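1. quick check, what structure comes out for this input:
(chains A and B)
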Amino acid sequence: MDLHFGDSKPTDDERAAVDALLGPPESSWEGAARDEMQAADLRWARGGRAARDRRDLLLPGLHAINDRIGWISDGALDYLCRRLTVPPAEAYGVATFYAMFSVKPRPATVLHVCTDLACTAAGASDLCAGIEARLGPGSGVHVERSPCLGLCERAPAALAIKAGEPVRTAVSAPATVHEAVLAASAPDSAREEPPAALAVPQAGEEELVLLRRVGVVDPSSLDDYRAHGGYTALRRAFELGPAGVIREVTDSGLVGRGGAAFPTGRKWQATASQPDHPHYLVCNADESEPGTFKDRVLMEGDPYALVEAMTIAGYATGAHRGFLYLRGEYPRALRRLEHAITRARARGFLGEDVLGQGYAFDIEIRRGAGAYICGEETALFNSIEGYRGEPRAKPPFPVEKGLFGKPTVENNVETLVNVLPILTMGAPAYAAIGTERSTGPKLFCVSGSVDRPGVYELPFGATLGELLAKAGVRERLRAVLLGGAAGGFVRPDELDIPLTFEGTREAGTTLGSGVVMAFDDTVPLPQLLLRIAEFFRDESCGQCVPCRVGTVRQEEALHRIAERTGAAAAEDIALLREVGRAMRDASICGLGQTAWNAVESAIDRLGAYK
Amino acid sequence: MTVTPLGIPRRLLEFTIDGEPVRAPEGSTILDACRAAGKDVPTLCQGDTLTPKNACRVCVVEVEGSRTLVPACSRKAEPGMEVRTGTERARHSRKIVLELLASSVDLSTTPKVADWIKEYEAKPDRFGPDAARLDEEPRVDNDLYVRDYDKCILCYKCVDACGDQWQNTFAISVVGRGFDARIAVEHDAALTDSACVYCGNCIEVCPTGALSFKSEFDMRAAGTWQESEQTETTTVCAYCGVGCNLTLHVQDNEIVKVTSPHDNPVTHGNLCIKGRFGYQHVQNRD
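-> Okay, here's the model as predicted:
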């Protein structure tokens, strides 16, 4: 590799931001002062292969610059590339992939205003217009219309990020023009976010399993976590041994909660039995499906549970390093988990010798930077490794060749947290919850036209109607979106659908990640569908043709028929169907394959455009 | 005589293509087997000297038991596989992919694509006159080659040829995301400010003519490019001792572009700047 750099130089701040992450440069090739070094040092990067092996620090490096300055200049990018021996063209390709980074100058403060489904229904367009009118040009705040921020229970939502040392963030939700502007102009003095438990209307109820500690324990206290049953599951795991843990998880019938519903025990077994080493554990906390916020609530309300669950998963599958890929838009979850991991490490719950059992395990947090596609398991690997977050072709599957090309088990936050009750109550007792084919408790993210939006925990098998009744669904219900933007709409007369994987499948829809979004008749359906199409157009990684161009053509068609019905829309609906079918059949990954689902269901089930 | 390494003997896998039993060596792709069996499967991002990114999805086929269609260029053949190449489902996806590409990209210099559009009855116009296109201007920033990204289907072949599959220069990358993704050097600068070494191996693999010799680009613009009147002569590069093969494309007694045979066991179609672009002395008649 023959790296070539331009003449752009980093500013002192940019250099400091990168050095804070990577340590001071060793040779003048990397940017150290010449006089301290011998002349020979000018000619090569001392790092060599060792530096290239740190390619996975590219994304954290970009974050470091963006956090300090607010955008990534040519000089800063080149300096980071020198330090990591990464070709600048590739790093530029990575930096331009993520929505939260900018390679053009912009103000230090960026205010992300959510304009996604739940927030639009709660008046996000007026909010956005109001904020822009109030701030005006020269305000030092860049207003960015954002996809779902995962704050749907408090819609409309805004997230302010003010670059500096340290970076400051403030969430305003439910946001008013005044509060959002205040959060952006003075993040430090913005009103404190309400506790995570406010997103759990059932908080404190006896029968809760997954949410039982949210709002009950102090999320910063390891002792409090232990006083509420924390780390009993890990002790049980050490008693059972890795094979025993996998047996319990398999017997419990646990399947992945991220949307694909793959049996967790089988995934763990397949990874554990791979001869290639090391094995890795990845927790997918890149919760970006519009309408989903359960993982955020779990991580903010009960962060140690995830740390414990990851330790168990690592132990069972023979991994000694776990990566927690956390959504970039979740600053509070990041703080809580950073704190929890540090505390757990200090107390011997992570590290060289976990609980004195001779098992070494540690967790590293990696932040996403605004890309829905990185929730796809293989795109997430590429993102961690410092490449563009584009999905890989499967096979080979992650259990065989995953992160860094090694056997990897990747689970969603909710899936992992389910492992704790499986071990503490035993597989048979866990499997007794729910239905025969969908076992255990399930979290649902209820938002939209309901009186008590939030995360609900119900055993599998409750009906959609029961869930909506709990959440206080309002009058004049027009449609319910199940599973988020990649899911499907159902009608108000279909509320007896049982909320199980098999039940929703029989009803021709999907449970997905557990999104239940209710819409009344005040929201025009074509506008919702257009927003969904816009979302997929924006979030397509661009790798394969059916998705890259198909999502654009679908959005164009939905624009054309936004005001049309019946015969006037028929031709475009036929076009949508044909393109949608090819996207479902021929796209590389789940994003393209499911991008047309919700719109199709609205046409077929709700009679949109009739 | 060139000695082609035979490698270790490979097991033959038995499976079926369109109901007919076929045998292919272990490690072959479905596409290899299809071509060996004389089945025509269209391809764009697949190249004979590269591992394909399987991004274009025009080669999709049906495989029994697979939920989605699979890319023939990348999926390895497995024993017992039942492959169907010409089903309505596969043809539908190919047709839509051709329509999506032809409605957004200038495919005027892409070989074979006009025939495929006819064969699959693709109608790129049906997305209407307002359908978004790439709308890129040709980038002419050096004397050797032109990057006309209005013709780019984002097959990743140039990136792979420039990067770890051949040249290891890493001068270009895909930048941006989704429909706005493009091939660019760092900071979207001019080629002359990049790490490009002008080996032209990206031109060699470009399937659409988005990358072309400046001479070809200028002649096409002037309307004097006549492929039917060109002769191709394969010779040996005289610059260094490696002895790469050059194929000189000559029109009106002038060299108009240089390629290299892909089946050369040493260079696989790759050249350096001298072999690719340093031919002016041949036609210096003074």
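
2. contact partners for the residue most central in space within chain A?
-> For chain A, residue A:286 is the residue whose C-alpha lies nearest the centre (CA atoms, centre = their mean; 1.6 Å). Residues in contact with residue A:286 (CB atoms under 8 Å, 6 or more residues apart in numbering or on different chains) are A:325, A:326, A:327, A:368, A:374, A:375, A:380. Just so you know, the C-beta spots here come from the backbone N, C-alpha and C atoms, and that holds for glycine as well.

3. quick check: next helix or strand after the lowest-mean-pLDDT helix or strand in chain A?
-> Least confident helix or strand of chain A, by mean pLDDT, DSSP states H and E, is helix A:48-52 with a mean of 67. Next helix or strand after helix A:48-52 toward the C-terminus (DSSP states H and E): helix A:58-69.

4. tell me what angle the helix or strand that comes right after that next one forms with helix A:58-69.
-> Sequence order places helix A:74-84 as the next helix or strand after helix A:58-69, per DSSP H and E. Helix A:74-84 and helix A:58-69 are oriented at 140 degrees to each other (axes from the mean of the first three to the mean of the last three CA atoms, to 10 degrees).

5. for helix A:74-84, give the mean pLDDT please.
-> Helix A:74-84 carries an average pLDDT of 94.

6. low pLDDT regions in the chain?
-> Here I'm looking at chain A. Applying pLDDT under 70 to chain A flags the ranges A:1, A:32-51.

7. chain B, not that one
-> Regions of chain B meeting the criterion pLDDT under 70 cover residues B:1-5.

8. now the helices for it?
-> Assigned by DSSP state H, the helices in chain B fall at B:30-36, B:88-104, B:113-119, B:157-162, B:201-205, B:214-222, B:273-277.

9. chain A is nearest to which of the ones you listed?
-> Smallest distance to chain A across the helices of chain B (CB to the nearest CB): 3.5 Å, for helix B:88-104.

10. which parts of the stretch 101-250 of chain B sit against chain A?
-> Proximity of the stretch 101-250 of chain B to chain A (CB under 8 Å from any CB of the partner chain) is limited to residues B:101, B:103-104, B:126-128, B:130-132, B:153-154, B:163, B:168-181, B:184-189, B:193-195, B:197.

11. quick one, which of these are buried?
-> Among these, the ones that count as buried by 16 or more other CB atoms under 10 Å in any protein chain shown are B:101, B:103-104, B:127, B:131, B:153-154, B:163, B:169-179, B:181, B:184-187, B:189, B:194-195.

12. just how off-centre is stretch A:309-320 within its chain?
-> Put simply, stretch A:309-320 sits 21 Å off its chain's centre (CA atoms, centre = their mean, to the nearest Å).

13. now residue B:49: phi and psi?
-> The phi/psi pair for residue B:49 (degrees, to the nearest 10) reads phi -110, psi 0.

14. tell me the one among the contacts of residue A:286 nearest to residue A:463.
-> residue A:375 (27.9 Å; CB to CB).

15. circling back to that earlier point, so which of the contacts of residue A:286 is the most crowded?
-> residue A:374 (32 neighbours; other CB atoms under 10 Å in any protein chain shown).

16. rewinding a little: out of the helices of chain B, which gets nearest to residue A:54?
-> Closest approach to residue A:54 among the helices of chain B is made by helix B:157-162 (22.2 Å; CB to CB).

17. how about residue A:591: what's its closest non-neighbour residue?
-> residue A:373 (5.6 Å; CB to CB, 6 or more residues apart in numbering or on different chains).

18. secondary structure class for that neighbour?
-> Using DSSP: H, G, I helix; E, B strand; the rest coil, the structure places residue A:373 in helix.

19. one step back: among the contacts of residue A:286, which are in helices?
-> residue A:380.

20. would you turn the contacts of residue A:286 into TSV with distance to residue B:249?
-> As requested, these are exported to TSV (distance: CB to CB, whole Å):
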residue	distance to residue B:249
A:325	50
A:326	54
A:327	52
A:368	48
A:374	44
A:375	48
A:380	45
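
21. so which of the contacts of residue A:286 is the closest to residue B:110?
-> residue A:374 (32.1 Å).

22. hang on, the closest one packs against residue A:390?
-> No - if you go by CB atoms under 8 Å, residue A:374 and residue A:390 don't touch, sitting 9.6 Å apart.

23. in what helix or strand does the residue in the stretch 301-450 of chain A that chain B sits nearest to lie?
-> Closest to chain B within the stretch 301-450 of chain A is residue A:393: 5.5 Å, counting by CB to the nearest CB. Residue A:393 is part of no helix or strand, with elements assigned from DSSP H and E.

24. contact partners for residue A:255?
-> Contact partners of residue A:255, counting by CB under 8 Å, 6+ apart, are A:261, A:262, A:263, A:264, A:415, A:438, A:501.

25. count of residues packed around residue B:278?
-> Neighbour count for residue B:278, taken as other CB under 10 Å: 16.

26. one more: residue A:428?
-> Look at residue A:428: counted by other CB under 10 Å, it has 10 neighbours.

27. cool, residue A:209 as well?
-> 17.

28. can you tell me the SS state at it?
-> Under three-state DSSP, the three-state class of residue A:209 is coil.

29. and if you look at the one 3 residues further on?
-> Following three-state DSSP, we place residue A:212 in the coil state.

30. ok, it to residue A:392 distance?
-> Per CB to CB, to the nearest Å, residue A:212 is found 38 Å from residue A:392.

31. picking up where we left off before, the helices of chain B into JSON lines, with extra columns for distance to residue A:185?
-> Shown next, in JSON lines, are the helices of chain B (distance: least, CB to CB, whole Å):
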{"stretch": "helix B:30-36", "distance to residue A:185": "58"}
{"stretch": "helix B:88-104", "distance to residue A:185": "42"}
{"stretch": "helix B:113-119", "distance to residue A:185": "54"}
{"stretch": "helix B:157-162", "distance to residue A:185": "42"}
{"stretch": "helix B:201-205", "distance to residue A:185": "48"}
{"stretch": "helix B:214-222", "distance to residue A:185": "52"}
{"stretch": "helix B:273-277", "distance to residue A:185": "54"}
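
32. mind listing what's buried in stretch A:450-469?
-> By 16+ other CB under 10 Å, the buried positions in stretch A:450-469 come out as A:450, A:453-468.

33. all strands for chain A, in order.
-> With DSSP state E as the criterion, chain A has strands at A:109-114, A:141-146, A:158-162, A:168-172, A:279-285, A:319-326, A:362-367, A:408-412, A:441-448, A:454-459, A:477-482, A:488-490, A:515-520.
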